[in-house]
Every structure is written in structure tokens, then in C-alpha cells.
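S.K.: Need a 3D model of the following:
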Amino acid sequence: QVQLVESGGGLVQAEGSLRLSCVASGRIFYGMGWFRQAPGKEREFVAAITWSGSSTRYADSVKGRFTISRDHAKTTVDLQMNNLKPEDTAVYYCAADPSPLSSWTLGGMDYWGKGTLVTVSS
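M.R.: The predicted model follows:
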């Protein structure tokens, strides 16, 4: 059983930056990524990276502002968030799944973390 633990959330002013991290309990040969859920809204895809780290995918709303990366041991995935906006406020969830990145926007991941709250003030 894979466990995912997120960290790095917090309160930041608009145009600021935060870095989220997700640690997997063991070495997993899956893609990893991030979703978020804002108050009153459905969970949505943010970014994902393949097991090798060679391919990434981003939601249009975060392209050019967020960067996903993965460590050499493949157990940690980070999300560098720059130029944050109030609409980025949400609980951010780490996920892991063997499916191609092209299907990640549909949700239904095999493994989920419990989430970390990001609040962006205007």
C-alpha cells in the first residue's frame, strides 16, 4: 500500500510563491502529480509527471506559473508555485497512478494524499 504525504502549504500574498512536496512511502513506479479543490468546487487536475520525469502535463490555468519536478529516487514530487493568485486558493492533493498523463484530467487516481491547504490573499 502506497502512502502519500504532502507538505508546504500555507498562507501567501498574491504574486508570492510556495513550494509543495509530496513524499511516497516507498519507491513507486507510477506517475505522480497534483490536484486541487477549492471551496464549493470540484477537484481539478493541476500537474503531473511521469515516473521517469521525462514528461509533464499542466492545467492551462497554471502553465507558466507552476513547475512540477521529481527527485532521482522517484519518491518525492514537488510543485513550485510562482505568481500565485487568489483563485489558486485550494486544498492541494498529491496523487499517484500508472495511467498515462493524458488521462489524469479525468481523476480516478489509485493513490491520494490527505491534502495541504494553500491560501492566497489579495
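S.K.: for residue 87, phi and psi?
M.R.: Here is the backbone geometry of residue 87 (degrees, to the nearest 10): phi -70, psi -10.
S.K.: quick one, what contacts residue 121?
M.R.: By C-beta atoms under 8 Å, 6 or more residues apart in numbering, the residues touching residue 121 are 11-14, 86. Any C-beta I mention is one placed from the backbone N, CA and C, and that applies to glycine too.
S.K.: Residue 20 now?
M.R.: So residue 20 contacts 6-9, 34, 78-79, 81, 92, 94, 116, 118 (C-beta under 8 Å, 6+ apart).
S.K.: ok, which stretches of this protein are strands?
M.R.: In the chain, strands defined by DSSP state E lie at 4-7, 10-13, 18-24, 31-37, 44-49, 56-58, 66-70, 76-81, 90-97, 111-112, 116-121, listed in chain order.
S.K.: I'd like to know the average pLDDT value across the first one.
M.R.: Per-residue confidence for strand 4-7 averages out to 96 on the pLDDT scale.
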